[in-house]
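> Got a sequence here, can you model it:
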Amino acid sequence: FRVGHKQMPTAAWVSSWVAQQDNKWHQEREKLVEQMARKLPGAPPPPKTAFVLFSADARKDLVAVESPADLMKRLASQWAALEPAKKARYQESAATEQTINREEMKKIRGTAAFRELESSVDRFMYANSALHTNGLPEMSV
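Predicted coordinates:
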């Protein structure tokens, strides 16, 4: 319905908007917690991707490249041209490394330091959340 020249939000619209903001808030929170958890004592480094594993092997064969940019261009073209069977080997290694990394991060999640990190992220997110500071946006007609 309209009040003056502005369209007033309906209850369904407000409910939908709040659900979207809540989902967005939780996604941002999880991303921030994951990033900060990597800095906790005993946390494993991020797992290497298949391309990074390939690059480590392929760099040994490349010598006298003019610049780092040229090196990356060569590695990228070699990766693109790599046989699917060889590429699958690197992808399997990366998947194994990622699985091991997830297991190590599960151990970190059970620590008191991680719980403290989560509560500090929650306080930060709540204090800086548009949902809690700006209220509802104007509804577009």
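> From here on, just use CA atoms for contacts and neighbour counts.
Will do.
> Can you point out the helix or strand that includes the residue most central in space within the chain?
Centroid-nearest residue in the chain: residue 31, 5.2 Å away (criterion: C-alpha atoms, centre = their mean). For residue 31, the host element (DSSP states H and E) is helix 11-37.
> which of the residues in that helix are buried?
25, 29, 33, 37 (16 or more other C-alpha atoms under 10 Å).
> swap in stretch 112-121?
Neighbour counts over stretch 112-121 (16+ other C-alpha under 10 Å) mark 114, 117-118, 121 as buried.
> Show residues contacting that stretch.
With C-alpha atoms under 8 Å, 6 or more residues apart in numbering as the test, stretch 112-121 has contacts from 29, 32-33, 36-37, 40, 108-109.
> can you redo those residues as a markdown table with pLDDT and distance to residue 14?
Below are the contacts of stretch 112-121 laid out as a markdown table (pLDDT from 0 to 100; distance: C-alpha to C-alpha, whole Å):
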| residue | pLDDT | distance to residue 14 |
| --- | --- | --- |
| 29 | 86 | 22 |
| 32 | 88 | 27 |
| 33 | 88 | 28 |
| 36 | 89 | 33 |
| 37 | 89 | 34 |
| 40 | 87 | 39 |
| 108 | 89 | 38 |
| 109 | 86 | 35 |
